[in-house]
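Peer 1: What follows is a predicted structure for the sequence shown.
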Amino acid sequence: MSAPSLPIALVARDAPERVKPSNYPEPFASRMAGRHKHPLGDLFGLANFGVNLTRLAPGAVSSLRHSHSRQDEFVYVLEGHPTLHTDEGLTRLAPGMCAGFRAGTGNGHRLVNETAEAVVYLEIGDRTPGDEGSYPDDDIQAVLVDGRWSFEHKDGTPY
């Protein structure tokens with residue numbers, strides 16, 4: 001049996017949208033309404049890092065504000081003017097701007113679309129095993145186990 005055929009190249013906007021809109025459990029998953037991710041790295045069989053083309057409708061957010069223990073993250077704005085929310089406060093971004101989030105700093109981050117226009121950006125992150133996600137504003141924590149996120153309350157009880 002031969003391996004599945006992977007594309008050589010493609011138009012990023014033509015990539016299929018992620019089937020499951022959010023990995024978060026409720027009540028957090030519904031807060032991701034208006035976020036549309038198109039996994040690009042997976043289409044090429046990339047194993048060491050992921051790349052998503054992400055669109056935020058007006059009023060949508062990229063994620064819960066979070067930080068990673070082991071995974072670095074990077075975003076590059078293609079369209080629109082998202083607001084970057086970090087421990088330092090709010091920073092308005094524009095097309096061509098980028099931001100990086102080094103693992104282990106504990107600096108929670110997310111993008112918020114506070115405008116009437118769509119925001120489109122690339123998000124890139126590594127896939128370091130054993131990563132943990134911290135969420136300073138919400139009663140949730142996460143651990144990456146065998147490539148899948150497992151979520152629980154901050155007191156350790158599962159969702």
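Peer 2: It's in.

Peer 1: Which strand or helix spans I124?
Peer 2: Per DSSP states H and E: I124 is located in strand 119-126.

Peer 1: can you map out the strands along the protein?
Peer 2: For the chain, applying DSSP state E gives strands covering 35-39, 49-56, 67-68, 73-79, 83-86, 89-92, 98-101, 109-112, 119-126, 132-134, 141-145, 148-152.

Peer 1: Mean neighbour count, those: which tops it?
Peer 2: Mean neighbour counts were taken over the strands of the chain using mean count of other Cβ atoms under 10 Å, and the top value, a mean of 23, falls to strand 67-68. Yep, even glycine has a C-beta here, placed from its N, CA and C like the rest.

Peer 1: Can you tell me what sits against it?
Peer 2: Taking Cβ atoms under 8 Å, 6 or more residues apart in numbering as the criterion, the residues outside strand 67-68 that touch it are 101, 103-109, 125, 131-134, 136.

Peer 1: Tell me the one among those residues nearest to P82.
Peer 2: Distances from the contacts of strand 67-68 to P82 were compared by Cβ to Cβ; the smallest belongs to H109, at 11.4 Å.

Peer 1: Which pLDDT does the model give that closest one?
Peer 2: At H109, the predicted lDDT confidence score is 98.

Peer 1: That one bridge partners, please.
Peer 2: With DSSP bridges applied, H109 shows beta-bridge pairing to H66, T86.
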